[in-house]
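Enquirer: this is a predicted model, with the sequence first.
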Amino acid sequence: MSELRAATRQSTARTGIIEFDGARGAVSIPCTIADVSGTGARLKLDWSLSFPKEATLVFADGLRKACRVAWQKRRLLGVAFADGVASADEQALMMTEEEQALHRRHIGAQVRGAREARGYTEAQIANLVGVSPEFVAHAESGEISIPLHQLTHMADLFLVDLDSLVAGPASAGLPPAEPDADAPAEALLG
């Protein structure tokens, strides 16, 4: 499982731009997209000044996503997409199919670990969440994605925060995410 966590959080080293309105007009900051999911991204910035709560992330291929800042630690920034989960077409532009599969497997492994730690069976969770046991088994193996509302329900049942199911521990070289206590739960997915 630690190998999967490390693979999930490896740096993608993709370049992008963060845009926002500053005191003197539009500001564009180059960034490295450290990792990305369907709901947000972790960015490395060459910027140490204050940062607004909202900005636009521009991917190298031109895709633009409005973002809310979920957390910031020095020059690392976690952002959540303001319009919720990216569409399948947007995710295909942001992540390769292999990266999407790694992300699904990582989330599935986190869900399985949290479920087992609380002593639930797949059938019990399926009943409580309102899905089939087969759905839980496929989701935990990373074969299918778990919708946000079901992940939120699972996090509540497991008594863990949503970020631990989605992001989990960071790989070497990147500090763990530091969520903003005032951020909504969906903002923690960045």
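Expert: All right, it came through fine.
Enquirer: how about low-confidence regions in the chain?
Expert: 1-13, 48, 167-190 (pLDDT under 70).
Enquirer: and the helices in it?
Expert: 2-8, 88-94, 97-118, 122-129, 133-140, 148-158, 162-166 (DSSP state H).
Enquirer: for L63, which of those helices is the nearest?
Expert: Closest to L63 of the helices of the chain, according to CB to CB: helix 88-94, at 4.9 Å. Bear in mind the C-beta positions are built from the backbone N, C-alpha and C, glycine included.
Enquirer: pull the CA atoms of the closest one into PDB?
Expert: What follows is helix 88-94, C-alpha atoms only, in PDB (Å, rounded to 0.1, in the frame of the first residue of the first chain):
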ATOM      1  CA  ALA A  88     -14.500  13.400 -17.800                       C
ATOM      2  CA  ASP A  89     -13.200  15.400 -20.800                       C
ATOM      3  CA  GLU A  90     -11.500  17.900 -18.500                       C
ATOM      4  CA  GLN A  91      -9.900  15.100 -16.400                       C
ATOM      5  CA  ALA A  92      -8.600  13.500 -19.600                       C
ATOM      6  CA  LEU A  93      -6.800  16.700 -20.300                       C
ATOM      7  CA  MET A  94      -5.500  17.100 -16.800                       C
END
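Enquirer: show me the longest strand that occurs in this protein.
Expert: The longest strand of the chain (DSSP state E) is strand 25-36.
Enquirer: which of the residues in that one are buried?
Expert: Buried residues in strand 25-36, counted by 16 or more other CB atoms under 10 Å: 27, 29, 31-36.
Enquirer: angle of that strand against helix 97-118?
Expert: 70 degrees (axes from the mean of the first three to the mean of the last three CA atoms, to 10 degrees).
Enquirer: partner strands of strand 25-36 and their direction?
Expert: strand 14-22 (antiparallel), strand 40-45 (antiparallel) (DSSP bridges).
Enquirer: tell me which of those strands sits most buried.
Expert: strand 40-45 (a mean of 23; mean count of other CB atoms under 10 Å).
Enquirer: OK, contacts around the residue of the chain most remote from its centre?
Expert: Most distant from the centre of the chain: R24, at 31.8 Å, with distances by CA atoms, centre = their mean. For R24, the contact set (CB atoms under 8 Å, 6 or more residues apart in numbering) is empty.
Enquirer: any idea how far L49 is from it?
Expert: 12 Å (CB to CB, to the nearest Å).
Enquirer: and what of F20?
Expert: F20 is 11 Å from L49, by CB to CB.
Enquirer: what do you get for D163?
Expert: Taking CB to CB, one finds D163 at 26 Å from L49.
Enquirer: between these two, who's got more neighbours?
Expert: Using other CB atoms under 10 Å, the more surrounded residue of D163 and L49 is D163, with 22 against 8.
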